[in-house]
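Participant: sequence first, predicted coordinates after that:
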Amino acid sequence: MLIIANLAILLLLSWFLYKHCFNYWSGIRRFLLALTVSVHIYFLFSSVSYFLCLNFSVSTVSRENTELIILALISALSAALILTGSQGSHSGSDYSPLSSDTDWIGSLPIQISPKVIVGVKFLTGLSVLIVLIYAVSKLYSDPHGEWDAWAIWNLKARFLYRSPYEWSTGFSQVIAWSHPDYPLLIPILIAKHWGLFGQESVVVPHIIAAFYLISGAYVMYCVISKFVDSNVACLTLLLLFSSYAYIRNSVFLTADIPLANLLLLSVCFFCSYLVLKQTFMLMLAYLFLGAVIWAKNEGQLIYIIFAVFYLVQSYKSAGLQRSLMLAVLTLLPFILCYLIFKQQISSANDLFANNSVQAVLDRSLDLSRYKLVASSFLGAIVDLFKINLLFVIALLICFRKQIIYSDVSYLLIAILASVFGYLAIYLFITPHDLAWHLQTSMQRIMLHFYPSFVFLLFFATKKVS
């Protein structure tokens, strides 16, 4: 019965988004886009409502009540989308789509044969197939994921699922190595669906991981193909999926790829807002940006930086008051859960516990740390892009004017600011052995921005009248 209720909520939201929100797409692409976004929203509100029921001990984690809360949250979002969506619309005067798929190719400094374009599309399809085969084979050989999956995220999910009354004991300092302070988006999604299916199946985290990997790529493809060029959309997917580091981490069953794709969805919808000037696009951008806080601790820094850039770029078209209101309303459910979790349940963060101003000053004067961090960062970037780094550099050179003067160039700066924020943690804050900390996390956290960077790199080349 509960499975039927969940499916009904999901289909209802999908129908609403299909009918009212994605009119600029058509056919099966529009339907799949509405369904994809609906599943994301359903996941987010499921996690929020499940946590609130757990925290306030709602009758043995009453799943019936949980579904009612989900329905209420989604209904409120739907009503808000209807109200806000009618307040901003695209007039067609500020955006000039490309007249054909060859315009973008024609703007390159070298002549591209049509056979090359066909080859790119073939390679894109082949890369998607290879990614799916690799993911299935890897998850079959390592069904529980890597260390962080079974020692952190799935461990928390088991506490939530097995001990509805004593689940908070899983966040004790006794098992500090499991990072009890990490937010609960992914563990709750796993635990909730274990409850729906009545067993601790390894298939559940597999499906969640696969969904975040594929769904972000699909939304990116839809936005690029609509506002830039369908050939460019294929090239974007090819660059995204040609990173072995990105694909490999997607089957680790950790929260890094989900966070990266939540940020990607936020950036995609914000860029769509810049083109269409429809307020519900801005609302979706803020919603998925707020969700990164509930995915990982790094989401705090990401949210602060990107929210500031969103406000700066949207206040002229949406108005500062409306933009700020959307930011606050969409952040509210996630920040509420985050604060309750931090204040009442989780232990202190290992980076900030027992730290001091003097220790930070001492680290800032240690020049060897700068060299070590810079070396690790450059190594992570090279490992992330491999040979594609040359293609990215060439693309930046070819489209340097479009990118510099693009209305989304500020978002590239936001990514750069976030990366510098991450590096500052390594330089000044972390009390751990720096070499060990860099080796175990640098490449992984750079993945947080990889999909968004790839998207912005190509979206910034669109032609605007």
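Facilitator: Thanks, I have the structure now.
Participant: which stretches of the stretch 151-300 of the chain have low pLDDT?
Facilitator: By pLDDT under 70, the stretch 151-300 of the chain has no low-scoring segment.
Participant: would you enumerate the residues in contact with residue 160?
Facilitator: Counting by C-beta atoms under 8 Å, 6 or more residues apart in numbering, residue 160 touches 54, 167, 170, 184, 187-188, 191. For glycine as for every other residue, the C-beta is placed from the backbone atoms N, C-alpha and C.
Participant: residue 31 reaches residue 17, doesn't it?
Facilitator: No: between residue 31 and residue 17 there is no contact under C-beta atoms under 8 Å: 9.7 Å.
Participant: more neighbours: which of these two?
Facilitator: Using other C-beta atoms under 10 Å as the criterion, residue 31 and residue 17 rank with residue 17 on top: 23 against 16.
Participant: OK, contacts around residue 302?
Facilitator: Applying C-beta under 8 Å, 6+ apart, the residues near residue 302 are 259, 263, 289, 292, 418, 448.
Participant: if you could redo that for residue 183, that was the one I meant.
Facilitator: 255, 293-297, 299, 338, 341.
Participant: go again with 6 Å.
Facilitator: Contact analysis of residue 183 by C-beta atoms under 6 Å, 6 or more residues apart in numbering lists residue 294.
Participant: on the three-state scheme, it is what?
Facilitator: Taking DSSP: H, G, I helix; E, B strand; the rest coil as the rule, one finds residue 183 in the coil state.
Participant: how near is it to residue 288?
Facilitator: 15 Å (C-beta to C-beta, to the nearest Å).
Participant: what of residue 456?
Facilitator: Counting by C-beta to C-beta, the gap from residue 456 to residue 288 is 15 Å.
Participant: same question, residue 137
Facilitator: Taking C-beta to C-beta, one finds residue 137 at 30 Å from residue 288.
Participant: of these two, who's got more company?
Facilitator: Ranked by neighbour count (other C-beta under 10 Å), residue 137 and residue 288 place residue 288 first, with 26 against 11.
Participant: quick one: what helix or strand has that one in it?
Facilitator: According to DSSP states H and E, residue 288 maps onto helix 279-295.
Participant: and that helix, what other elements does it pack with?
Facilitator: Applying 3 or more C-beta pairs under 6 Å, 6 or more residues apart in numbering; DSSP states H and E, we find helix 279-295 packed against helix 63-85, helix 256-276, helix 299-318, helix 320-340.
Participant: got the angle for that helix vs helix 256-276?
Facilitator: 160 degrees (axes from the mean of the first three to the mean of the last three C-alpha atoms, to 10 degrees).
Participant: who's in contact with the residue nearest to the spatial centre of the chain?
Facilitator: By C-alpha atoms, centre = their mean, the chain has its centre lying nearest to residue 262, at 2.0 Å. Counting by C-beta under 6 Å, 6+ apart, residue 262 touches 288, 291-292.
Participant: quick check: the gap between it and residue 191.
Facilitator: Distance from residue 262 to residue 191, by C-beta to C-beta: 19 Å.
Participant: max pairwise distance over the contacts of residue 302: which two?
Facilitator: Farthest apart among these by C-beta to C-beta are 289 and 448. That separation is 12.7 Å.
Participant: with that, I have no additional questions.
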